[in-house]
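Novice: Provided below for reference: sequence and predicted model.
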Amino acid sequence: MAAAALDPAAADDEVDPFGLGYRRLRLSLARVELNMYRRTRTSSDVLRKPPSFQYVVRLTWSGNPLSRPRRSPPGSPRSPRQRPGSSSSSRGAPTGKGSSSASTNYGTGASGWWWDHLPESYVIYRSWQQFGKMHNAVANELAFDKLSGCRRVKAPVPKFPATGDLQQFVAGVAATGDAAAMTRQGRYSLAAMNTEHPAHFDLDVMHTIYAENRLGPYLTAINDVLAEVPPEVLQQSATLCRFCTFGIRTTNRPDKGQVRCSFQGPQPLIPSKEAIAAAARHLRQTGGLDKLKKSMSNPEIKRVNLPPLSP
């Protein structure tokens with residue numbers, strides 16, 4: 001044990017027995033939020049959104065895949081994937097028809113593991129339908145091998161839990177008098193307000209029963225199943241990749257100097273800036289602007305009285 005603690009490679013093998021740079025995924029439910037009924041009127045239509053649950057899931061990846069090169073597990077065929085970082089510029093980019101090598105996030109021709117450059121811990125927002133797709137992928141694609149007709153893992157696949165009583169939660173939020181009672185954090189969260197108001201206490205009890213007693217054990221059982229699935233199978237699962245990566249915020253921020261379009265409804269059919277610039281260059285090269293003697297917007301104004309166009 002002392003030698004294993006001193007040797008970093010031996011300690012890494014305990015987390016990664018195959019030497020694949022394999023990061024173990026762990027799902028945990030941070031909280032459950034409630035989106036109330038919303039009605040938005042635009043210039044073209046009225047949008048109605050019924051109340052729904054929104055699940056805040058925390059994903060934690062253990063291990064460091066970039067610490068050393070990957071090796072194939074004993075008895076497995078050689079993988080055509082490249083080392084992480086060898087093709088960082090093409091990672092995640094779709095492959096065109098004329099390209100020779102595949103470079104996708106998942107599948108047999110993927111360039112590296114799709115979880116290589118994910119943060120160690122981050123939070124995602126998912127709906128109940130997305131939870132159902134993830135459960136079907138774990139039960140039918142990851143835990144069960146359709147080609148051989150047998151199971152891949154020894155851990156039992158948990159039963160998909162029933163959804164919470166939406167009407168009961170809506171009534172609980174209405175009793176608090178705060179439409180964002182389940183989304184507030186800090187000093188105004190449910191845990192901080194339940195001792196002051198009975199309505200907040202009842203809503204916090206319902207949230208605890210639903211989040212910790214029903215969904216918590218379910219995600220724990222899902223983690224046990226994912227821990228036994230080989231990384232090659234996880235690599236080929238497009239549903240799991242989409243569940244773990246879709247909607248992750250980046251550090252990119254919109255340009256504050258750019259004028260945003262405030263037009264509501266269908267956008268007008270106007271050419272792009274590139275098309276307008278290309279047409280202007282074509283008119284300058286062919287001398288088409290010299291043939292315009294009058295303004296196109298106002299024919300009474302002669303072209304010679306207009307200021308020259310900027311190059």
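Specialist: That came through fine.

Novice: For Gly172, give its distance to Leu29.
Specialist: 19 Å (C-beta to C-beta, to the nearest Å). Glycine gets a C-beta too; all of them are placed from N, C-alpha and C.

Novice: out of those two, which sits in the busier spot?
Specialist: Neighbours per residue (other C-beta atoms under 10 Å) separate Gly172 from Leu29, with Gly172 holding more: 22 against 18.

Novice: Wasn't that one part of a strand?
Specialist: No: Gly172 sits outside any strand when classified using DSSP: H, G, I helix; E, B strand; the rest coil, being helix.

Novice: I'd like the distance between it and Leu147.
Specialist: 48 Å.

Novice: Leu25 now?
Specialist: Distance from Leu25 to Leu147, by C-beta to C-beta: 24 Å.

Novice: Pick out whichever of these two has more residues nearby.
Specialist: Comparing Leu25 with Leu147 by neighbour count (other C-beta under 10 Å), the higher total belongs to Leu25, at 20 against 5.

Novice: looking at it, the more buried one is touching Trp113, isn't it?
Specialist: No: using C-beta atoms under 8 Å, Leu25 makes no contact with Trp113, being 11.3 Å away.

Novice: Low-confidence ranges, the protein, go.
Specialist: 1-22, 64-111, 247-268, 288-311 (pLDDT under 70).

Novice: mind listing the helices for it?
Specialist: Listed in chain order, the helices of the chain (DSSP state H) span 2-6, 8-15, 128-137, 166-176, 190-193, 198-208, 216-228, 231-235, 238-245, 273-286.

Novice: Out of those helices, which gets nearest to Pro158?
Specialist: In terms of C-beta to C-beta, the element of these nearest to Pro158 is helix 216-228, at 3.7 Å.

Novice: what angle sits between the closest one and helix 128-137?
Specialist: 40 degrees (axes from the mean of the first three to the mean of the last three C-alpha atoms, to 10 degrees).

Novice: So which bits of helix 216-228 are buried?
Specialist: Residues Tyr218, Leu219, Ile222, Asn223, Val225, Leu226 are the ones in helix 216-228 that count as buried (16 or more other C-beta atoms under 10 Å).

Novice: now the helices of the chain in CSV, with distance to Pro51?
Specialist: Conversion of the helices of the chain to CSV gives the following (distance: least, C-beta to C-beta, whole Å):
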stretch, distance to Pro51
helix 2-6, 52
helix 8-15, 42
helix 128-137, 12
helix 166-176, 5
helix 190-193, 17
helix 198-208, 14
helix 216-228, 22
helix 231-235, 34
helix 238-245, 23
helix 273-286, 41
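
Novice: For Arg184, which of those helices is the nearest?
Specialist: Minimum separation from Arg184 across the helices of the chain (C-beta to C-beta) falls at helix 190-193, 7.8 Å.

Novice: So for that closest one, what gets flagged as buried?
Specialist: For helix 190-193, burial by neighbour count (16+ other C-beta under 10 Å) applies to Leu190, Met193.

Novice: what packs against it?
Specialist: If you count contacts as 3 or more C-beta pairs under 8 Å, 6 or more residues apart in numbering; DSSP states H and E, helix 190-193 packs onto helix 198-208.

Novice: would you turn the buried residues of helix 216-228 into CSV with distance to Cys241?
Specialist: As requested, the buried residues of helix 216-228 are arranged in CSV below (distance: C-beta to C-beta, whole Å):
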residue, distance to Cys241
Tyr218, 21
Leu219, 18
Ile222, 16
Asn223, 17
Val225, 17
Leu226, 13
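
Novice: And the residues you listed, which two are furthest apart?
Specialist: Between all members of those, the farthest pair (by C-beta to C-beta) comes out as Tyr218 and Leu226, at 12.8 Å.

Novice: what's the distance between the nearest residue to Ala30 once chain neighbours are set aside and Arg26?
Specialist: Spatial nearest neighbour of Ala30, chain neighbours left out: Val56 (4.3 Å); criterion: C-beta to C-beta, 6 or more residues apart in numbering. Relative to Arg26, Val56 is positioned 15 Å away (C-beta to C-beta).

Novice: count of neighbours near Tyr37?
Specialist: Close neighbours of Tyr37, defined as other C-beta under 10 Å, add up to 11.
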